[in-house]
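Student: output the structure for:
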Amino acid sequence: MTALGIVLVLVLLLIVFGLLFRLQILTSIFSGSFTREVGVSNRVNAILFLIFLVAGGAAFAWSFVDSYDAMIVPIASVHGYATERMFWTTMIILGIVFVLTQVLLFVYSYKYQHKEGRRAFFFPHNNKIEIIWTLIPAIVMAALVFAGWKEWSRITGPAPKDAVVVEVMGKQFNWLVRYPGRDQKLGVVNYRLIDAVNEFGFDLSDQNGLDDFTVGEVHVPKGHPVLLKIRSRDVLHAVYMPHFRVQMYAVPGMPTKFWFTPTKTTDEMRAQTGNPKFNYELACNQICGRGHFAMKLNIVVDEPDDYVAWFAQQKPFAEQNPEVLANFKQKATKMVEKEAAAVVPATANASL
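Tutor: Down below sits the predicted model:
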């Protein structure tokens, strides 16, 4: 018998013994014969409630402190501090309420355990209490929601006019990244044009798209606003950048956006974390299929001068794929010839 089989047998035996014990208690209760054993079991259960409260609370506190550094990564964006502040404000309020209600639950279970001769007090309704415990949570929750809405509206609203524009498109199972060229205008894309080479679906008949380029990793300048334009090519994905406190869904057929300002370069974060191999990461945190784990992309935060130098080295998609551009030019030529052929007969008929 395997170790798993032995464990399952032991668990089943414990369940059976527990049910038998419970059956014995219920039988004695229904028969009206409250024996000393029932009183003992009540006291044991009441004490176990207190033990669970103390042991469980201690285990939770230890787990939180031990995992804090792994859960809370350093902040590297301007809005990240406001987001972090809202998060901890919410956690403190909910934490106080949670601890208070759980302490009362377990302490009351001990204090009001069944004893011979004790009867419960029937308390059907109290308008004052109902109003108090309805109004207080409503006011607190409204304040939290308003603060969150205000910050969310700011970072998803119009970005500064000089923001660096980066388009991110999720697909099973990787990220595609596109930058506008020197004109700082993204060209038109068309899903009908997507193929193995033209994965973005560039429509190179649009002049604005001739200088657009794609890259294998995201580069952004420190201290400069960055506008993320987010799309999905197939299923629901999610753009997640933990150090920048950025998370936004990539939804098929519904473009989304998010803007932020990086505050620490990759080299500065490596020095802060003591990890020379540190890299900012763009990950998908929405389970999108069997290859979900592979949807990661490095983000490099450069000094402004380094970013400008990197940007100047990039070659447009049209230049790297002349056959795609030639195909568009050929289609455009055929369209012009077709229009010209249609104009000639019309002119001849007019002269007649």
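
Student: report the central residue of the protein.
Tutor: Gln247 (4.7 Å; C-alpha atoms, centre = their mean).

Student: convert the C-alpha atoms of stretch 131-141 to CSV, please.
Tutor: Presented in CSV, the C-alpha positions along stretch 131-141 are these (Å, rounded to 0.1, in the frame of the first residue of the first chain):
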residue,chain,number,x,y,z
ILE,A,131,-29.0,50.8,11.7
ILE,A,132,-25.6,51.0,13.4
TRP,A,133,-24.1,47.9,11.7
THR,A,134,-25.6,48.9,8.4
LEU,A,135,-24.5,52.5,8.3
ILE,A,136,-21.0,52.1,9.6
PRO,A,137,-19.9,49.5,7.0
ALA,A,138,-21.7,51.5,4.3
ILE,A,139,-19.9,54.7,5.1
VAL,A,140,-16.5,53.0,5.4
MET,A,141,-17.0,51.1,2.1
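
Student: in a strand, the residue nearest to the centre of the chain, correct?
Tutor: Yes - the assignment for Gln247 is a strand, going by DSSP: H, G, I helix; E, B strand; the rest coil.

Student: how about the helices in the chain?
Tutor: Assigned by DSSP state H, the chain shows helices spanning 3-31, 36-71, 78-111, 127-156, 266-273, 304-313, 317-320, 322-351.

Student: nearest to Asp162, of the ones you listed?
Tutor: helix 304-313 (11.8 Å; C-beta to C-beta). The C-beta positions use only the backbone N, C-alpha and C, and glycine is treated the same way.

Student: skip the chain neighbours and tell me the closest residue to Lys264.
Tutor: Distance criterion C-beta to C-beta, 6 or more residues apart in numbering; nearest residue to Lys264, sequence neighbours excluded, is Ala76 at 4.4 Å.

Student: backbone dihedrals for the one you found, please?
Tutor: Dihedral pair for Ala76: phi -140, psi 30, per degrees, to the nearest 10.

Student: any stretches of the stretch 251-352 of the chain with poor pLDDT?
Tutor: Residue ranges of the stretch 251-352 of the chain with pLDDT under 70: 331-352.

Student: make it 90
Tutor: Scanning the stretch 251-352 of the chain for pLDDT under 90 picks out 253, 286, 288-289, 294, 318-352.

Student: now swap in the stretch 101-250 of the chain and tell me
Tutor: For the stretch 101-250 of the chain, the stretches flagged by pLDDT under 90 are 108-130, 133, 151, 157, 181-185, 187-211.

Student: tally of neighbours for Gln184?
Tutor: As a burial measure, Gln184 scores 14 neighbours (other C-beta atoms under 10 Å).

Student: enumerate every residue touching it.
Tutor: Listed by C-beta atoms under 8 Å, 6 or more residues apart in numbering, the contact partners of Gln184 are Val165.

Student: measure it to Asn208 for me?
Tutor: Going from Gln184 to Asn208 by C-beta to C-beta, to the nearest Å gives 10 Å.

Student: what does Ile129 give?
Tutor: Between Ile129 and Asn208 the computed distance is 64 Å (C-beta to C-beta).

Student: over to Ala58?
Tutor: For Ala58, the distance to Asn208 (C-beta to C-beta) stands at 61 Å.

Student: when those two are compared, which one has more neighbours?
Tutor: Under the criterion of other C-beta under 10 Å, the comparison of Ala58 against Asn208 puts Asn208 first, with 15 against 10.

Student: for burial, what's the neighbour tally of the closest residue to Leu53 other than its chain neighbours?
Tutor: Closest residue to Leu53 apart from its sequence neighbours, by C-beta to C-beta, 6+ apart: Phe106 at 4.0 Å. The number of residues packed near Phe106 is 20, by other C-beta under 10 Å.

Student: from what I see, Phe106 and Ala55 are in contact.
Tutor: No - taking contacts as C-beta atoms under 8 Å, Phe106 lies outside contact range of Ala55: 11.2 Å.

Student: just to revisit the earlier point, list the residues that contact the residue nearest to the centre of the chain.
Tutor: Ala238, Val239, Tyr240, Met241, Asn285.

Student: how much space between it and Pro316?
Tutor: To Pro316, Gln247 is 31 Å away according to C-beta to C-beta.

Student: Phe278 now?
Tutor: Going from Phe278 to Pro316 by C-beta to C-beta gives 31 Å.

Student: so which of those two has more stuff around it?
Tutor: Remark: of Phe278 and Pro316, Pro316 carries more neighbours, 20 against 16, as counted by other C-beta under 10 Å.

Student: surely that one touches Arg182?
Tutor: No - taking contacts as C-beta under 8 Å, Pro316 lies outside contact range of Arg182: 9.4 Å.
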